[in-house]
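Asker: Take this sequence and fold it.
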Amino acid sequence: MLNGGLQAATAARLNITTVIPEMPEAVVYEAAHGFEGTAVLEEVAKAAQSPDSIVVDVREAPRYLGHTELIDLVAGHIPGAINVPYNTNMNADNRYLSVEELKANYEDVFKGQQPEQVIVHCGSGVTACHTLLALEQAGLPGARLYVGSWSEWSRRDLPIATEQV
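Answerer: Below is the predicted model of the structure:
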């Protein structure tokens with residue numbers, strides 16, 4: 001993760017190239033079954049309806065509200081999920097907000113709920129990691145990733161919520 005993205009790398013005069021390097025041969029990586037930092041669909045469905053849990057959808061508001069969907073087949077959100085777009089973690093320079101700002105923002109969102117009771121998702125499970133990193137930086141570790149995210153949920157004939165602004 002590069003805080004500030006390509007603009008920050010260019011401003012720092014880092015060496016940037018478009019040449020694709022020759023990749024070494026892949027090595028088999030042994031991983032234990034499962035990962036405690038993720039949540040499966042059934043856990044998300046239960047958490048979204050529980051007053052003791054929070055499901056955070058980090059997609060942009062128009063996608064969450066069901067006004068548009070550029071990637072998946074259906075627009076909307078998981079009923080009970082709240083919307084905290086990932087880009088609210090950043091300032092105008094596309095850098096993460098300060099630790100203090102992130103912590104204050106998410107403590108306001110969590111309203112006393114512990115991070116361990118939070119599940120974060122996006123469209124396909126990638127952008128949500130941006131928010132999980134923000135939470136770690138803010139000293140609020142323990143939230144989990146719904147890897148399947150909206151792409152999985154919206155293809156499973158499950159309830160879908162939409163809201164009008």
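
Asker: pLDDT below threshold where in this structure?
Answerer: 31, 33-35, 164-165 (pLDDT under 70).

Asker: 50 instead?
Answerer: Within the chain, the ranges that satisfy pLDDT under 50 run 165.

Asker: Please enumerate the helices of it.
Answerer: All helices of the chain, identified by DSSP state H, fall at 5-11, 41-48, 61-65, 99-110, 128-137, 149-153.

Asker: Let me have these in a markdown table, adding mean neighbour count as columns.
Answerer: Quick note: C-beta positions are derived from backbone N, CA and C, even for glycine. As requested, the helices of the chain are exported to a markdown table (neighbours: other Cβ atoms under 10 Å):
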| stretch | mean neighbour count |
| --- | --- |
| helix 5-11 | 12 |
| helix 41-48 | 18 |
| helix 61-65 | 18 |
| helix 99-110 | 15 |
| helix 128-137 | 20 |
| helix 149-153 | 22 |
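
Asker: mind putting these in JSON lines, distance to Val74 included?
Answerer: Below are those laid out as JSON lines (distance: least, Cβ to Cβ, whole Å):
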{"stretch": "helix 5-11", "distance to Val74": "30"}
{"stretch": "helix 41-48", "distance to Val74": "15"}
{"stretch": "helix 61-65", "distance to Val74": "11"}
{"stretch": "helix 99-110", "distance to Val74": "25"}
{"stretch": "helix 128-137", "distance to Val74": "19"}
{"stretch": "helix 149-153", "distance to Val74": "9"}
